[in-house]
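Visitor: Here is a sequence together with a model predicted from it:
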Protein chains: 2
Amino acid sequence: MLGPKGVITDAHEIEPWASDWRGRVHGQSAAILAPGSTEEVAEIVKLAAEHRVPLVPQGGNTGMAAGATPPADGSALLLSLRRMNRVRSISAESRLAVAEAGVILADLHERAHEIGMRFPLTLGARGSCTIGGLTSTNAGGTQVLKFGTMRSLVAGVEAVLPDGSIHCGLSGLKKDNRGYSLDQLLIGAEGTLGVVTAVALRLVPAIASRAVAWAGVASPEAALALLRFLEARTNSIEGFELVPQDSLQLVLHHIPGTRSPLSGEHPWHALVEATTADPKHDINGEIEALLGAALEHGLIGDAVIAANEAQAEAFWKLRDSISEAERAEGQTLAHDISVPVAGMPRFITDASAEVERAFPGVVASGFGHLGDGNIHFHARAGSHAAPDWYEAEGAAITRMVDDLVTAAGGSISAEHGIGQLKREEFARLAPPGRIHALRAIKQALDPLGIMNPGKLVP
Amino acid sequence: MLGPKGVITDAHEIEPWASDWRGRVHGQSAAILAPGSTEEVAEIVKLAAEHRVPLVPQGGNTGMAAGATPPADGSALLLSLRRMNRVRSISAESRLAVAEAGVILADLHERAHEIGMRFPLTLGARGSCTIGGLTSTNAGGTQVLKFGTMRSLVAGVEAVLPDGSIHCGLSGLKKDNRGYSLDQLLIGAEGTLGVVTAVALRLVPAIASRAVAWAGVASPEAALALLRFLEARTNSIEGFELVPQDSLQLVLHHIPGTRSPLSGEHPWHALVEATTADPKHDINGEIEALLGAALEHGLIGDAVIAANEAQAEAFWKLRDSISEAERAEGQTLAHDISVPVAGMPRFITDASAEVERAFPGVVASGFGHLGDGNIHFHARAGSHAAPDWYEAEGAAITRMVDDLVTAAGGSISAEHGIGQLKREEFARLAPPGRIHALRAIKQALDPLGIMNPGKLVP
């Protein structure tokens, strides 16, 4: 059935795909199956069901929760979707693209650009992450504020269900009320309910121009007030990232060629991106006027708009280098969490104080997608921390952060999913009724337990 | 547990709620249970599970598929959510409202309006339909083009699951990747997987002004070309309804006080609504200029913009009176169907011709939400049809329409759901894998079969 390209058994070729990309979790697999079509995926799933061999679907292997890493006992086979990398159709008129699971995000960006359109979701791994993985993890990124996560960008899903049947939801119907949405159930299911083989995706008109601004603010509350102020006056805001002074300092210290956008010091910073698809719209003028008004209202201390694309990229580089700068400084523990947007400023302040009080020497801070109520809450070991700090204190700090998030009505996984790494905490904190429902759905659709076992469902 | 208002056993009081509002399906129920809180709903569900008594959740009883009508054998109790009619919170800042299941749509519109916001979904039954019913049927309406169906407007669901546990998804998190989305599973589940008790809903800024235009076009193809032309030049288009000349004539003939917006005759018509939230935006000027350009491009034969709100309402009345005018003319068979937008013009032309050829004397036509790929495809008996035409030929015509829709990659239920009335056709036409998956999910979450039995799942 599978051609010579379709089965990889060379241990050296398998090895990089058997560990998660952060190198934290190491699995084993006797082979990678790499089908070239949906029909081949269906054949593989039927055989897997017949022989009770678990499958671990995998795209670009860029996940943050080890959701695509096989178990260590070698009991499962990797099912790579990377060879299924065709854009089956793309249309500016219907504003839809149908992309196979293995299409790389950056390639889809390019294909959309060629027809004057845009797929409005992006993230750091865009050069290697795949559409199937993005769908299965309901990925987010920096443009969720305006366009939502994958869940709101997916117009239909094609998938092979655990019984080997093909679910086809690719017709891109805008209205379809024929019962439970299998499409929505498969989005974010991390491959535990079936294998996503292709997705219909919404496109939007290409960006004509953008304005990128950097503002110094007094507090997370002030940053949120600035966002509300802008949102009430324009619908061009597409990104709104919060950066603490402490994180900016680390970037300036560790990342070569960076410089602070503002001359003075500010306790917090907001990186604002506004875009327009209308070539006649003076987006820089609009944002400049709005920031001027925000300054008059006392919402910000200072602000600057990038004078050109190079400067815009330099502003974004400051934001995007925070994790790297933190790692250069020492051991860091990252938490991808969300709380209701209105409660985020208070959460950042209170949770940081509480973690620093409970774990002396630790520096806690939150940065990221303030407008989505999603920040990356990091705890950094003090410079004199023991080399085993991560192993010694990490789990206790994570439990504390997760407890604080849960108490604030938030989520312990905002955009990275549960995978293997958050399963224990998910089991500890989710309401029993929810766990029961998830287990029942998993058991109903995958009674043999062959789809990505040991992931997501506690 | 339930107070005196909470249990209704008077047969006369029950009777209007035991039939669907079109009076087609008649059920029986010994009582209506009308809880006042989520906790009371949970108690009722637990008791129902203990005693194996099926429950039929009901809101305003305005559904089109008899999905809230109890079975005829009297085996089930009605569970009315109408007493749960509080708007728990509403905020212009967070752009969210939390409404209980029994809140009437028109009341929510008013509450949003009071704070300068808007809940952008509306439909004919807005004075009596409820938020719970709208969620459970994933309702659509005339503004889906811009804002989507309920599925894209619901930010979170609170529901009582069939085991009596309370699922709370009301925190309105913008990013939350903790496993399968129960919220999305409950939306459109027609009360078969649990009882929706409250919903967090997205709000948008209130409309500052609107432009309503009527254009005469040569064909459904021309109407779609006009829509594409407008959409490529503005993002203000919110409604785009297709009206055939034949339907307009029926309205002018049967509905008092109506007149044609255009002086000449056109084979087809498009009703266009554009809105803006920006008081400075001259929406009438923009649409007038665009229609002028469309005229020059030969896309339309003629067009007129409503000079004031009264005229705008008069234009909409023409569209909204089509079903009533058809009923006045004689027996009519309605189909709420969707196909991919690009394929809709051809579907309307071909399917009408095919039905009229197969059933001599029948007049077939499609009207409605062209921009959503969703039309109401109606078949009208000739004036000399026998009184039992509906019973004699109706099922055969419906099967033919449903076959044509399925062949075109469409849905036999675009916005009305499956309920009781479309269950047989759904079972006939859905892929076996899909039916299998739906049954497995239903059995997994409601193993006792107490939640709205006999609905949706074939």
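Guide: Received it, and whenever you're ready, just let me know what you need.

Visitor: which SSE is residue A:438 in?
Guide: Under DSSP states H and E, the secondary-structure element containing residue A:438 is helix A:432-445.

Visitor: pLDDT averaged over that helix, what's the number?
Guide: Looking at helix A:432-445 alone, the average pLDDT works out to 97.

Visitor: cool, and stretch A:354-362?
Guide: Taken as a whole, stretch A:354-362 has an average pLDDT of 95.

Visitor: residues contacting residue A:186?
Guide: Going by CB atoms under 8 Å, 6 or more residues apart in numbering or on different chains, residue A:186 touches A:135, A:136, A:157, A:159, A:167, A:193, A:194, A:196. C-betas here are computed from N, CA, C, even on glycine.

Visitor: mind redoing it with 10 Å?
Guide: With contact taken as CB atoms under 10 Å, 6 or more residues apart in numbering or on different chains, residue A:186 is in contact with A:135-136, A:154, A:157-159, A:161, A:167, A:169, A:192-196, A:199, A:445, B:180.

Visitor: Residue A:293 now?
Guide: When contacts are counted by CB under 10 Å, 6+ apart, residue A:293 is found next to A:229, A:230, A:233, A:299.

Visitor: Save those as JSON lines, and put in distance to residue B:269, neighbour count and pLDDT too.
Guide: As requested, the contacts of residue A:293 are exported to JSON lines (distance: CB to CB, whole Å; neighbours: other CB atoms under 10 Å in any protein chain shown; pLDDT from 0 to 100):
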{"residue": "A:229", "distance to residue B:269": "43", "neighbour count": "17", "pLDDT": "95"}
{"residue": "A:230", "distance to residue B:269": "41", "neighbour count": "26", "pLDDT": "96"}
{"residue": "A:233", "distance to residue B:269": "37", "neighbour count": "15", "pLDDT": "91"}
{"residue": "A:299", "distance to residue B:269": "49", "neighbour count": "22", "pLDDT": "96"}
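
Visitor: Against chain B, which of those make the cut? List them.
Guide: Contacts with chain B within the contacts of residue A:293, as defined by CB under 10 Å from any CB of the partner chain: residue A:233.

Visitor: Does anything pack onto the helix or strand hosting residue A:314? Which helices or strands?
Guide: Secondary structure from DSSP H and E places residue A:314 in helix A:309-320. Helices and strands in packing contact with helix A:309-320 are listed as strand A:209-217, strand A:237-244, helix A:245-254, strand A:268-276, strand A:302-305; criterion 3 or more CB pairs under 10 Å, 6 or more residues apart in numbering or on different chains; DSSP states H and E.

Visitor: need the next SSE after that helix, C-terminal direction.
Guide: helix A:322-329.

Visitor: How about the next helix or strand after that following helix and chain B, touching?
Guide: Secondary structure here is assigned by DSSP H and E; on that basis, the next helix or strand after helix A:322-329 toward the C-terminus is strand A:332-338. Yes: in this structure, strand A:332-338 sits against chain B according to CB under 10 Å from any CB; the contacting residues are A:336, A:337, A:338.

Visitor: Next, the buried residues of stretch A:292-306.
Guide: For stretch A:292-306, the buried set under the neighbour-count rule, 16 or more other CB atoms under 10 Å in any protein chain shown, comprises A:294, A:299, A:300, A:301, A:302, A:303, A:304, A:305, A:306.

Visitor: Show me which residues of the stretch 201-350 of chain A are close to chain B?
Guide: Taking CB under 10 Å from any CB, the part of the stretch 201-350 of chain A that reaches chain B is made up of A:204-205, A:224-225, A:228, A:231-235, A:277-278, A:336-343.

Visitor: Regarding the residue lying closest to residue A:58 once chain neighbours are set aside, what is its secondary structure?
Guide: Closest residue in space to residue A:58, ignoring its immediate chain neighbours: residue A:68 at 4.2 Å, by CB to CB, 6 or more residues apart in numbering or on different chains. Using DSSP: H, G, I helix; E, B strand; the rest coil as the criterion, the local structure at residue A:68 reads coil.

Visitor: List the backbone torsions phi and psi for residue A:68.
Guide: Main-chain dihedrals, residue A:68, degrees, to the nearest 10: phi -120, psi 20.
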